[in-house]
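Colleague: return atomic coordinates for the entry below.
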Amino acid sequence: MLNSYRIARHGIQYSGELCSKDDAEEVLRDAKEFLNLIKKLYFKR
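Modeller: The predicted structure follows:
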């Protein structure tokens with residue numbers, strides 16, 4: 001999950017590459033999943 005997000009973000013941020021709509025939606029899904037995971041772990045304390 002994180003690797004696909006990192007690769008897409010890197011391409012956009014450092015190379016100026018454009019990404020397809022599908023790639024953009026996947027990046028957003030991955031980021032939301034990551035945030036939900038962090039929230040679960042953080043509030044588990």
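
Colleague: next, the buried residues of stretch 25-39.
Modeller: Along stretch 25-39, the positions that meet the burial threshold by neighbour count (16 or more other CB atoms under 10 Å) are 26, 27, 30. Placement of C-beta: from N, CA and C, glycine included.

Colleague: mind listing which of the residues you listed are in helices?
Modeller: When these are checked against helices (DSSP state H), the matches are 26, 27, 30.

Colleague: residue 6: neighbour count?
Modeller: Residue 6 is surrounded by 12 other residues when neighbours are defined as other CB atoms under 10 Å.

Colleague: apologies, that question was intended for residue 20.
Modeller: Residue 20 sits with 9 neighbouring residues when counted by other CB under 10 Å.

Colleague: just checking, what packs against the helix or strand of the chain with the lowest mean pLDDT?
Modeller: Within the chain, confidence by mean pLDDT, DSSP states H and E is lowest for helix 2-15 among all helices and strands, at a mean of 71. Helices and strands in packing contact with helix 2-15 are listed as helix 21-43; criterion 3 or more CB pairs under 8 Å, 6 or more residues apart in numbering; DSSP states H and E.

Colleague: may I have the helix it packs on as CSV, with CA atoms only?
Modeller: Extracted C-alpha coordinates of helix 21-43, given in CSV (Å, rounded to 0.1, in the frame of the first residue of the first chain):
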residue,chain,number,x,y,z
LYS,A,21,-7.3,9.3,-13.1
ASP,A,22,-7.1,5.7,-12.0
ASP,A,23,-3.6,6.2,-10.5
ALA,A,24,-4.8,9.4,-8.7
GLU,A,25,-7.8,7.6,-7.3
GLU,A,26,-5.6,4.7,-6.1
VAL,A,27,-3.2,7.1,-4.4
LEU,A,28,-6.1,8.8,-2.6
ARG,A,29,-7.5,5.4,-1.5
ASP,A,30,-4.1,4.3,-0.3
ALA,A,31,-3.6,7.6,1.7
LYS,A,32,-7.0,7.2,3.3
GLU,A,33,-6.3,3.6,4.2
PHE,A,34,-3.0,4.7,5.7
LEU,A,35,-4.6,7.5,7.8
ASN,A,36,-7.3,5.1,9.0
LEU,A,37,-4.7,2.6,10.1
ILE,A,38,-2.7,5.3,12.0
LYS,A,39,-5.9,6.5,13.7
LYS,A,40,-6.7,2.9,14.8
LEU,A,41,-3.2,2.4,16.1
TYR,A,42,-3.0,5.8,17.8
PHE,A,43,-6.4,5.7,19.5
